[in-house]
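**Q** requesting a structural model of the entry that follows:
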Amino acid sequence: INRALLANQRAIAKLFFNLMKSEMKRELSHRLKWQDRVKDWKLIQKNYVVHSFREFMANEEIQNPPTVKTEMENMIKDQILLSEKRLKFLQHLGSDLLPPTHTKAEINEWYRSLVNLN
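**A** Residues are numbered from 1 along each chain as shown. Down below sits the predicted model:
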């Protein structure tokens, strides 16, 4: 009877071991499947975000915003006006500039007015 009990105990232990082994294999399989699904989901989410961003950036208002265009036009107009003022001032200096007749104070005043234009 003792031998039979020991044999039964070994058989039960072996069955339990095999059951635990198959259960661990099944859990590992499920975990690997889950990790694959998570990886696929992350890839889908990343592709969606990239696609949405590309669509957003392809929008005409984003690529050529009207406020930037208006601001550029205003800056160009201001630059043209400033260039015209500088040219008039330099022409005025050129017409009045005779080397021996001007004093140092007049030349300093011209320089200050030129600096103020810039």
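
**Q** quick one: K85 and W110, what's the gap?
**A** 14 Å (C-beta to C-beta, to the nearest Å). (Each C-beta comes from the backbone N, C-alpha and C, glycine too.)

**Q** contacting residues around H51?
**A** For H51, no contacting residues are found, by C-beta atoms under 8 Å, 6 or more residues apart in numbering.

**Q** for it, what are phi and psi?
**A** phi -60, psi -40 (degrees, to the nearest 10).

**Q** got the domain ranges for this structure?
**A** For the chain, automatic domain parsing gives the domain ranges 1-63, 65-118.

**Q** what's the offset of whatever helix or strand M75 lives in from the middle of its chain?
**A** Element membership for M75 (DSSP states H and E) is helix 66-96. The chain centroid and the centroid of helix 66-96 are separated by 35 Å under C-alpha atoms, centre = their mean, to the nearest Å.

**Q** what do you get for stretch 1-20?
**A** So, by C-alpha atoms, centre = their mean, the centroid of stretch 1-20 is 65 Å from its chain's centroid.

**Q** ok, E71 to D78 distance?
**A** Applying C-beta to C-beta, the value for E71 to D78 is 10 Å.

**Q** ok, back up a step: any chance of TSV for the domains of the chain, columns mean pLDDT?
**A** What follows is these, written out as TSV (pLDDT from 0 to 100):
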stretch	mean pLDDT
domain 1-63	95
domain 65-118	84
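
**Q** returning to that earlier point: the more surrounded of K85 and W110?
**A** W110 (16 against 12; other C-beta atoms under 10 Å).

**Q** the more buried one touches L93, doesn't it?
**A** Yes: W110 is in contact with L93 according to C-beta atoms under 8 Å; the separation is 5.8 Å.

**Q** can I assume I62 is in contact with F56?
**A** Yes: under the criterion of C-beta under 8 Å, I62 makes contact with F56 at 6.4 Å.
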